[in-house]
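J.: After the sequence you'll find the predicted model.
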Amino acid sequence: MTTQDKTTDKLPQEAAQAPEEQQKKPGRGWLATCALLMCVVAWIVANREAYSAMAIAVASIVLGGLAMRGASRTVRNAAITAIVASGVLIVVIAAFLIVIYLGLK
């Protein structure tokens, strides 16, 4: 047996393992959808309660981070959108609260 025969014997086994590994990835589209919905809810709640909106936004960031792992490109893009929008909300509310507390002192 030559070295070429040894390498060709391994190729069908490796090729057979690759599709099985891809099928083991669980779908995480629902996590990205929940992250987007929580982000929208956080922006709506921000009109009434700042601290509650920040807590919901943090939860949205966590869900978005979990959705990015091993997901398709569309799911990752949705998760990134939720993370960015929630991050902006947290920064805006935190800046507003800091300005009010510093302004009142």
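T.: All right, it came through fine. Treat the numbers as computed from the prediction; the structure is a model and nothing was measured.
J.: For the rest of this, base every contact and every neighbour count on C-alpha atoms.
T.: Fine.
J.: Contacts for stretch 42-61, please.
T.: For stretch 42-61, contacts defined as C-alpha atoms under 8 Å, 6 or more residues apart in numbering pick out 34-36, 38-39, 41, 82-83, 86-87, 89-90, 93.
J.: Inside helices: which ones of those residues?
T.: 34-36, 38-39, 41, 82-83, 86-87, 89-90, 93 (DSSP state H).
J.: and of these, the nearest to Arg73?
T.: Ala82 (14.3 Å; C-alpha to C-alpha).
J.: what's the neighbour count on that closest one?
T.: Neighbourhood size, Ala82 [other C-alpha atoms under 10 Å]: 28.
J.: From what I see, it and Leu36 are in contact.
T.: Yes - counting by C-alpha atoms under 8 Å, Ala82 touches Leu36, with 5.0 Å between them.
J.: Overlap in contacts, those two.
T.: With C-alpha under 8 Å, 6+ apart as the test, Ala82 and Leu36 both reach 60, 64.
J.: Now list the buried members of the contacts of stretch 42-61.
T.: Buried subset of the contacts of stretch 42-61 (neighbour count, 16 or more other C-alpha atoms under 10 Å): 34-36, 38-39, 82-83, 86-87, 89-90, 93.
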